[in-house]
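Undergrad: okay, here's the prediction I keep looking at, along with the sequence it came from:
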Amino acid sequence: MAKTRATTRATTKATTKAATKRACQVAAAVVDLEGAVIAIVQCLDRASDVTALLQALPHASLGTPLTALLALLNEPGPLAHTWPELLLDDVNFQHPAFVALILQAMPVLLSVRAAHRHLFGCLLQPDDSTIDAPDGFLNFVAQYPRTMMHVHAAWRDAMDCTVFCNALRRCTRLTTVHVVADAQAAAVLAAITTPAHRVTRLYITEMPGGIMDAIDWASLLRPWLASGHARHVTFSNVPITDVQSLAEALLRSSSLHSLGVHNNDKLLRSLLSQDMSLRQLNQVSVTTQVAALLPRLLGRLSLSTLTSLSLECDMDHSETLALLPSMPSLRHLALTGGHLGELDCILAWPHLKRLTCSRVHLTPRTLDAILWYLGRVDGLEHLLLDVADLDEMYFVYVAQRLGHLMERAAPLCWHWRCANDATVSSPLMLDVGEHSLSIDGIRMVLEALAICKFVCIKMVPIDGTELAPFHDEIQAFAAAHCMICDLTYPPFMLCSPTDVVYEQR
């Protein structure tokens, strides 16, 4: 009898142990599956692909972060238009349920960006209107350091530099950093160029207000330029002590392929005077008041391998545009200031992905040529036109073409007048700047937007009240077509549905 009880206990113990082992294996498999799905999701560049993958999986297998992500992507809101990045500037923190979903999805998000530091605090404590901006940023970094890929050194305002730099050392996935040219620049650079960091892009900008002392940028940047991580650097109106040494260091970097020189003509002249090739540069951005420097620059570059060209100067850009047929690899062209001429060679332009014409004078013939180009180009992703003499009828005229361009699946970026934030990554942005809005044009835009997926439009009227008499009409249309409509304050935002709700007519 005792033997039987012992045998029973042993059998029960073995059965329990086996069941526990199987349960642990199942739990581990679920954890492994969730981790694998998160890894796959983070490799997908299109929100629609992420949604399709998650909807194909059993809902019970997703876990909290993936379930929250799917809910966010099914909302016609910010993340659906900016994936794989979340732009906090587009988040309405007055919707606590949406903010809660963001926090639940944080383990999946690779990058969280903001133009303003206080927004990180708003995300963590949306109900606290008195939250201290530095504390909010520091708390976010403490909890989610690996989502910080873009940082602006100006955010250290009202913060001890040592505390700020310690926070940067934790953000080892940083790729882009804006460095302010001041006395703390050396400390900031040291914090973001540790062996654990892989920063690829630096934007060195002037100190807002006050007089800047010249800095030995050659000595500060030489280790980073030689590290193999450096891909791009921009100097914007920055005093430099040894221009010659900096030019040599830039051209000797084996990894640097993109360069911006804005209002730093001494550096530009030094680069052009070097007995060294500039042909390794395939992305170039220059702002200057000396038009004669630009043809010299183009003569030193490899036009056949150039992929991005941005020139800002009050000049006739005809000579530059005449070279476009010699730039088969060019995908991004930005011209600011001056005029474009008659665009006689537009027939031979390469198929650009991004076209920017800002603060330029367009003749009727030039505008017709650009619209003709838009009708034939394949793969255009962003268009920015900044034209000074728009009127209501012109807005209607462009709105008519907007629908056609949307139908061709070209996510475009229309800017009228000066763009508010060039870093916005929404597939479509319409910024009408200081020009008059016509409700007829808005209706055309709404009709086109309603039959698109993953498109966002932003509009900034002259005084913010132009559309006030039509708010009810616009909001009713948006609600009927499952679109997000935010007319609280400029910039007004309209987001297309994530699924088209009726057939295209």
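TA: Cool, the structure landed.

Undergrad: so which bits of the one helix or strand residue 366 maps to are buried?
TA: Counting by DSSP states H and E, the element that carries residue 366 is helix 364-376. By neighbour count with 16 or more other CB atoms under 10 Å, helix 364-376 contains the buried residues 366-367, 369-370, 373-374. C-beta here means a position set from N, CA and C on the backbone, and glycine is covered the same way.

Undergrad: and those residues, which is closest to residue 38?
TA: Using CB to CB, residue 374 is the member of the buried residues of helix 364-376 that sits closest to residue 38, with 39.1 Å.

Undergrad: picking up where we left off before, just give me the closest of the buried residues of helix 364-376 to residue 310.
TA: The nearest member of these to residue 310, counting by CB to CB, is residue 370 at 17.5 Å.

Undergrad: returning to that earlier point: mind saving the C-alpha coords of the helix holding residue 366 as PDB?
TA: In PDB, the C-alpha atoms belonging to helix 364-376 read as follows (Å, rounded to 0.1, in the frame of the first residue of the first chain):
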ATOM      1  CA  PRO A 364       3.700  81.400 -66.700                       C
ATOM      2  CA  ARG A 365       5.800  79.500 -69.200                       C
ATOM      3  CA  THR A 366       8.000  78.100 -66.400                       C
ATOM      4  CA  LEU A 367       5.100  77.000 -64.400                       C
ATOM      5  CA  ASP A 368       3.500  75.200 -67.300                       C
ATOM      6  CA  ALA A 369       6.800  73.500 -67.900                       C
ATOM      7  CA  ILE A 370       7.000  72.300 -64.300                       C
ATOM      8  CA  LEU A 371       3.400  71.000 -64.400                       C
ATOM      9  CA  TRP A 372       4.200  69.200 -67.600                       C
ATOM     10  CA  TYR A 373       7.200  67.600 -65.900                       C
ATOM     11  CA  LEU A 374       5.000  66.500 -63.000                       C
ATOM     12  CA  GLY A 375       2.700  64.800 -65.400                       C
ATOM     13  CA  ARG A 376       5.500  62.500 -66.800                       C
END
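
Undergrad: start the count at 47 instead of 1 going forward.
TA: Will do, 47 is the new start, and the previous item becomes helix 410-422.

Undergrad: now do it: distance to the chain's middle.
TA: Chain-centre distance of helix 410-422: 27 Å, with CA atoms, centre = their mean, to the nearest Å.

Undergrad: what's the closest residue to residue 411 other than its chain neighbours in contact with, if anything?
TA: Distance criterion CB to CB, 6 or more residues apart in numbering; nearest residue to residue 411, sequence neighbours excluded, is residue 388 at 5.7 Å. Residues in contact with residue 388, defined by CB atoms under 8 Å, 6 or more residues apart in numbering, are 364, 409, 411-412, 415.

Undergrad: can you rerun that using 10 Å?
TA: Taking CB atoms under 10 Å, 6 or more residues apart in numbering as the definition of contact, the neighbours of residue 388 are 364, 367, 409, 411-412, 415.

Undergrad: returning to that earlier point: show me which of the buried residues of helix 410-422 is closest to residue 221.
TA: Sorting the buried residues of helix 410-422 by how near they are to residue 221, with CB to CB, puts residue 420 at the top with 31.7 Å.

Undergrad: closest to residue 191 out of the contacts of residue 388?
TA: residue 367 (45.2 Å).

Undergrad: now do the host helix or strand of the closest one: everything it contacts.
TA: Taking DSSP H and E as the definition, residue 367 sits inside helix 364-368. The set of residues that contact helix 364-368 without belonging to it, under CB under 10 Å, 6+ apart, is 337, 340-341, 344, 355, 357, 359, 373, 379, 381, 384-392, 394-395.

Undergrad: low-confidence ranges, the stretch 397-546 of the chain, go.
TA: Scanning the stretch 397-546 of the chain with the threshold set as pLDDT under 70 gives 421, 431-484, 498-502, 506-510, 544-546.

Undergrad: how about a cut-off of 80?
TA: Judged by pLDDT under 80, the stretch 397-546 of the chain has its weakly predicted residues at 408-411, 413-414, 416-418, 420-488, 490-491, 494-513, 530, 534-546.

Undergrad: is the residue nearest to residue 411 in a helix, a strand, or coil?
TA: State at residue 388, reduced to three classes by DSSP: H, G, I helix; E, B strand; the rest coil: coil.

Undergrad: residue 492 too?
TA: Secondary structure of residue 492, per three-state DSSP, is helix.

Undergrad: that one and residue 223: what is the separation?
TA: When distance is defined by CB to CB, to the nearest Å, residue 492 is 39 Å away from residue 223.

Undergrad: more neighbours, these two?
TA: It is residue 223, of residue 492 and residue 223, that has more neighbours when counted by other CB atoms under 10 Å, with 24 against 21.

Undergrad: end-to-end on stretch 380-400?
TA: The first and last residues of stretch 380-400 sit 8 Å apart, counting by CA to CA, to the nearest Å.

Undergrad: any idea how far that stretch is from the chain center?
TA: Relative to its parent chain, stretch 380-400 has a centroid offset of 24 Å by CA atoms, centre = their mean.

Undergrad: pull out the buried positions in that stretch.
TA: When neighbours are counted by 16+ other CB under 10 Å, the buried residues of stretch 380-400 are found to be 380-387, 389, 392, 395-396, 398-400.

Undergrad: ok, which stretches of the stretch 97-246 of the chain are helices?
TA: 109-120, 124-128, 142-151, 164-170, 179-189, 207-216, 231-238 (DSSP state H, counting those that start in this stretch).

Undergrad: and the ones you listed, which one is worst for confidence?
TA: When these are compared by mean pLDDT, helix 124-128 comes last with a mean of 78.

Undergrad: any idea how far it is from the chain center?
TA: Taking the mean C-alpha point of helix 124-128 and that of its whole chain, the gap between them comes to 11 Å (CA atoms, centre = their mean).

Undergrad: ok, stretch 517-529 next?
TA: Taking CA atoms, centre = their mean, one finds stretch 517-529 lying 28 Å from the centre of the chain it belongs to.

Undergrad: with only the CA atoms kept, save it in CSV.
TA: Provided in CSV are the C-alpha atoms of stretch 517-529 (Å, rounded to 0.1, in the frame of the first residue of the first chain):
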residue,chain,number,x,y,z
HIS,A,517,-15.3,74.4,-40.4
ASP,A,518,-18.6,72.5,-40.0
GLU,A,519,-18.6,71.6,-43.7
ILE,A,520,-15.0,70.4,-43.6
GLN,A,521,-15.4,68.4,-40.4
ALA,A,522,-18.6,66.8,-41.6
PHE,A,523,-16.9,65.7,-44.8
ALA,A,524,-13.9,64.3,-42.8
ALA,A,525,-16.2,62.4,-40.4
ALA,A,526,-18.2,60.9,-43.3
HIS,A,527,-15.0,59.6,-44.9
CYS,A,528,-13.2,58.4,-41.7
MET,A,529,-10.6,61.1,-42.0
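
Undergrad: could I get the buried residue list for that stretch?
TA: Along stretch 517-529, the positions that meet the burial threshold by neighbour count (16+ other CB under 10 Å) are 520, 523-524, 527-529.

Undergrad: so which of the residues you listed are in helices?
TA: Counting by DSSP state H, those place 520, 523-524 in helices.
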